[in-house]
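[1] what's the 3D shape of this:
(one chain, ligands or ions: 1)
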Amino acid sequence: QRHLISAADLTRDDAVLILDTAEEMARVADRPIKKLPTLRGRTIVNLFFEDSTRTRISFEAAEKRLSADVINFTAKGSSVSKGESLKDTAQTLEAMGVDAVVIRHGASGAPYRLATSDWIDAAVINAGDGTHQHPTQALLDAFTMRRRLVGRDAGIGQDLAGRRITIVGDVLHSRVARSNVDLLHTLGAEVTLVAPPTLVPVGVETWPCEVSYDLDSTLPKSDAVMMLRVQRERMNAAFFPTEREYSRRYGLDGDRMAKMPEHAIVMHPGPMVRGMEITAEVADSERCTVVEQVANGVSIRMAVLYLLLGGNEPAVSQARTTAT
Ligand code: CP
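    So this is what the prediction gives:
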């Protein structure tokens with residue numbers, strides 16, 4: 001069985017294939033009827049132990065556009081609140097005959113545990129685990145960067161070689177930052193992390209990126225600047241940075257955005273905390289791709305599901321044919 005657990009597991013060719021397939025899927029989204037029959041008769045469970053807006057809705061939209069049968073499970077209101085384990089939950093799903101499990105979990109490593117267990121014989125897709133990985137987020141971010149910085153058609157078959165990407169904020173708690181560093185490095189981009197010293201992970205020197213504490217000097221050298229939310233829910237209250245001090249040093253406002261090259265974009269995985277890491281002026285500006293990232297997420301998740309669940313070439317050809 002094939003799984004998607006970590007962006008670090010993807011080769012350059014894997015990643016470019018997913019990005020190219022997502023371009024085909026995006027053409028389906030441009031049609032009046034946004035459906036393909038590719039996963040008809042397949043059952044996918046969205047197993048969410050942690051809150052989500054974008055990822056959960058986006059996976060569900062992707063699954064429905066591929067005609068899969070979709071079961072949504074959230075830990076709240078389930079027997080998990082009565083103490084049921086991941087193993088027992090997985091075995092319950094196995095008994096129902098699911099083909100794929102999309103899992104978000106607060107514990108780093110939970111999707112890997114599920115994929116390598118004998119509890120369930122289904123493809124496992126990591127929708128975010130603890131502070132570890134969020135591979136489909138990194139893929140949709142790379143897709144957005146490739147479209148904006150290389151071009152929608154010009155980007156087909158291309159990676160992000162030489163593009164300079166700056167990721168700013170709470171790197172310590174960010175699975176988005178980890179996944180992006182892994183994938184962007186694989187795609188040939190140069191990544192710089194900018195964060196307060198207290199929000200830089202131990203061992204970051206082994207990551208394939210640079211680290212800076214000075215946002216203002218990094219912005220003029222950036223093709224894309226990705227802002228991260230400060231994840232208070234993963235912090236001891238004693239370590240909360242004050243909003244004013246954090247914004248002053250690491251927030252992106254209009255004056256700072258003006259230091260970026262004209263072609264450079266502002267990204268955010270969401271949810272945004274306006275006034276903390278990003279001002280409303282920047283979030284609502286034309287340079288900010290946050291809404292575009294959400295739309296691209298559906299195409300990326302369609303591509304991942306299609307490739308993992310044994311989609312065959314005619315289905316992609318069908319998307320290509322019907323779109324042209
Ligand atoms: N970007 C992201 O993972 O958002 P959600 O937590 O809303 O899914």
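[2] please tell me how far the residue located most distally from the centre of the chain sits from Asp88.
    Using Cα atoms, centre = their mean, the residue of the chain lying farthest from its centre is Lys82. It sits 30.5 Å away. According to Cβ to Cβ, to the nearest Å, Lys82 stands 11 Å off from Asp88. Yep, even glycine has a C-beta here, placed from its N, CA and C like the rest.
[3] what of Ser58?
    Separation of Ser58 from Asp88 (Cβ to Cβ): 28 Å.
[4] which one of these two is surrounded by more residues?
    Ser58 (25 against 13; other Cβ atoms under 10 Å).
[5] hmm, Glu286 and Arg148 touching each other?
    No: with contacts counted by Cβ atoms under 8 Å, Arg148 stays clear of Glu286, the gap being 11.4 Å.
[6] between these two, which has more neighbouring residues?
    Remark: of Arg148 and Glu286, Arg148 carries more neighbours, 20 against 7, as counted by other Cβ under 10 Å.
[7] doesn't the more buried one fall inside a helix?
    Yes: per DSSP: H, G, I helix; E, B strand; the rest coil, Arg148 lies within a helix segment.
[8] which outside residues touch stretch 161-171?
    Residues outside stretch 161-171 that contact it (Cβ atoms under 8 Å, 6 or more residues apart in numbering) are 145, 149, 177, 180-181, 184, 187-195, 199-201, 204, 215, 218-219, 221-231, 250, 252, 277.
[9] among the residues you listed, name the buried ones.
    Buried by 16 or more other Cβ atoms under 10 Å: 145, 149, 177, 180-181, 184, 187, 189-195, 199-201, 204, 215, 218-219, 222-230, 250, 252, 277, out of those.
[10] which ones among these lie within strands?
    Of the positions in the buried ones among the contacts of stretch 161-171, 190-194, 224-227 sit in strands, assigned by DSSP state E.
[11] now render the residues you listed as JSON lines, adding pLDDT and distance to Ala8.
    Below are these laid out as JSON lines (pLDDT from 0 to 100; distance: Cβ to Cβ, whole Å):
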{"residue": "Glu190", "pLDDT": "98", "distance to Ala8": "18"}
{"residue": "Val191", "pLDDT": "98", "distance to Ala8": "14"}
{"residue": "Thr192", "pLDDT": "98", "distance to Ala8": "19"}
{"residue": "Leu193", "pLDDT": "98", "distance to Ala8": "16"}
{"residue": "Val194", "pLDDT": "98", "distance to Ala8": "22"}
{"residue": "Ala224", "pLDDT": "98", "distance to Ala8": "20"}
{"residue": "Val225", "pLDDT": "98", "distance to Ala8": "23"}
{"residue": "Met226", "pLDDT": "98", "distance to Ala8": "18"}
{"residue": "Met227", "pLDDT": "98", "distance to Ala8": "23"}
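[12] show me the protein divided up by domain.
    Following automatic domain parsing, one finds the domains of the chain at 7-133+294-319, 135-292.
[13] what residues does this structure have near the ligand?
    When proximity is defined by Cβ under 6 Å from any ligand atom, the chain lies next to the ligand at 52-55, 128, 137, 269-271.
[14] just the buried residues out of those residues, in PyMOL syntax.
    Remark: buried members of those, expressed as a PyMOL selection using 16+ other Cβ under 10 Å:
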select buried, resi 52+54+55+128+137+269+270
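[15] which strand or helix spans the most centrally placed residue in the chain?
    Nearest residue to the geometric centre of the chain (Cα atoms, centre = their mean): Gln137, 0.5 Å. Taking DSSP states H and E as the criterion, the element that holds Gln137 is helix 135-145.
[16] you'd agree Arg113 is up against Leu86?
    Yes: if you go by Cβ under 8 Å, Arg113 and Leu86 touch, sitting 7.0 Å apart.
[17] narrow the residues of the chain next to the ligand to those in strands?
    Per DSSP E, the residues of the chain next to the ligand map to strands at Gly128.
[18] among the residues of the chain next to the ligand, name the ones in helices.
    54-55, 137 (DSSP state H).
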